[in-house]
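Engineer: Give me a 3D structure for the following:
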Amino acid sequence: MVKITFQPVSAQKPEKDNDEDKITIPQVHQQGYPPVRPRKPFPTGLCCLTFGLVIFVSGLVLASVYIYRSYFTPQVPEDSLFHCRVIYEDSVYAPLRGRQELEENVGIYLDDNYEQISVPVPHFGGSDPADIIHDFQRGLTAYHDIALDKCYITELNTTLVMPPRNLWELLINVKRGTYLPQTYIIQEEMVVTGRVRNMRQLGPFIHRLCFSKETYRLRRRNQRQRIERRETKKCHSIRHFENTFVVETVICNRF
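Structural biologist: Below is the predicted model:
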């Protein structure tokens, strides 16, 4: 007879010592390496703002340069700038003085259709230094009396003032050696009629000349009327040359 017996089965298997088989992975911070930080997003908004500011500043600089060249430093070719000296006979207004000389600088702007004349302090006296603009496009003349630091505006008298092209041809011939003979002087009388408030209506060239100065309108006095003695103290004259003769502009102020 065969006897069969059963061994009791344990609920838990004996644990084996597997410490020798374990592989330990060292941590990064334990080896002295800095921890890896997450990347920040690229500042797209700041880049766009900077680019926009660069474009804005560039446009502002270009606009400033354009305004400066247009209103402050007009570029003129060298053959459009003249230094003139004219000998004339003042037999009507100063017969004892005889021959006199007038000196001025002339700039002719053919493209913009205007002339600018600078009359320095005269050697003989009796006339004020002045800057003058004849704007043929707007039909206006502006006198800046430097001694008084005031501007006077009147309608352009095309009978006395040569157009820019004609005056340019005249001065080119004089510059080449075709000198003008001794000429004469005529007088025009002006009277102040009122103050000019809106300067921009005068155009950019006259506006630049008379900016921040007291500006008045002039009216030509009737040739039959003469300057009264009580008005002579309020009158001043500007002698200039923009034709084949010299013009003395007498400005009288009633205010």
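Engineer: quick one: the strands in the stretch 51-200 of the chain?
Structural biologist: For the stretch 51-200 of the chain, the strands defined by DSSP state E, counting those that start in this stretch occupy 81-89, 99-109, 114-119, 130-135, 140-145, 150-155, 183-195.
Engineer: which one of those lies closest to residue 212?
Structural biologist: Of all the strands of the stretch 51-200 of the chain, strand 150-155 sits nearest to residue 212, with 10.0 Å by Cβ to Cβ. Any C-beta I mention is one placed from the backbone N, CA and C, and that applies to glycine too.
Engineer: Contacts for that closest one next, please.
Structural biologist: Strand 150-155 has contacts (Cβ atoms under 8 Å, 6 or more residues apart in numbering) with 139-145, 190, 192, 196, 202, 206, 209-210, 213-220, 251.
Engineer: Now list the buried members of the residues you listed.
Structural biologist: 140-145, 190, 192, 196, 202, 206, 209-210, 215-216, 218, 251 (16 or more other Cβ atoms under 10 Å).
Engineer: pLDDT weak spots in this structure?
Structural biologist: Low-confidence segments of the chain (pLDDT under 70): 1-43, 65-78, 91-97, 124-125, 177-179, 223-233, 254-255.
Engineer: list the contacts for residue 79?
Structural biologist: residue 172.
Engineer: for the one 5 residues further on, same thing?
Structural biologist: Contact criterion Cβ under 8 Å, 6+ apart gives 102-106, 171, 174, 241 as the residues in contact with residue 84.
Engineer: Can I get the buried part of the residues you listed as one ChimeraX selection?
Structural biologist: Selection of the buried residues among those in ChimeraX, burial being defined by 16+ other Cβ under 10 Å:
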select :102,104,106,171,241
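Engineer: With distance to residue 122 added, can I get the contacts of residue 84 in CSV?
Structural biologist: Putting those into CSV (distance: Cβ to Cβ, whole Å) gives the following:
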residue, distance to residue 122
102, 7
103, 8
104, 10
105, 14
106, 16
171, 20
174, 20
241, 12
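Engineer: Among the contacts of residue 84, which one lies nearest to residue 120?
Structural biologist: Among the contacts of residue 84, residue 103 lies closest to residue 120 (Cβ to Cβ), at 6.3 Å.
Engineer: which residues touch that closest one?
Structural biologist: 83-86, 119-120, 122.
Engineer: what's the answer for residue 203, then?
Structural biologist: 135, 137-138, 140.
Engineer: one more time with 7 Å, if that's ok
Structural biologist: Shown in contact with residue 203 (Cβ atoms under 7 Å, 6 or more residues apart in numbering): 135, 138.
Engineer: ok, now how distant is it from residue 156?
Structural biologist: With distances taken as Cβ to Cβ, to the nearest Å, residue 203 is found 12 Å from residue 156.
Engineer: what is in contact with those two at once?
Structural biologist: residue 135.
Engineer: picking that back up, for the strands of the stretch 51-200 of the chain, could you give me a markdown table that also reports distance to residue 167?
Structural biologist: As requested, the strands of the stretch 51-200 of the chain are arranged in a markdown table below (distance: least, Cβ to Cβ, whole Å):
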| stretch | distance to residue 167 |
| --- | --- |
| strand 81-89 | 9 |
| strand 99-109 | 6 |
| strand 114-119 | 6 |
| strand 130-135 | 9 |
| strand 140-145 | 14 |
| strand 150-155 | 18 |
| strand 183-195 | 14 |
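Engineer: Which one of those lies nearest to residue 57?
Structural biologist: That would be strand 99-109 among the strands of the stretch 51-200 of the chain, by Cβ to Cβ, at 31.7 Å.
Engineer: in its sheet, what does that closest one sit against?
Structural biologist: Paired strands of strand 99-109, with direction, are strand 81-89 (antiparallel), strand 114-119 (antiparallel) (DSSP bridges).
Engineer: biggest helix in the chain by residues?
Structural biologist: helix 44-71 (DSSP state H).
Engineer: any chance you could map the helices in the stretch 151-255 of the chain?
Structural biologist: All helices of the stretch 151-255 of the chain, identified by DSSP state H, counting those that start in this stretch, fall at 164-175, 204-210.
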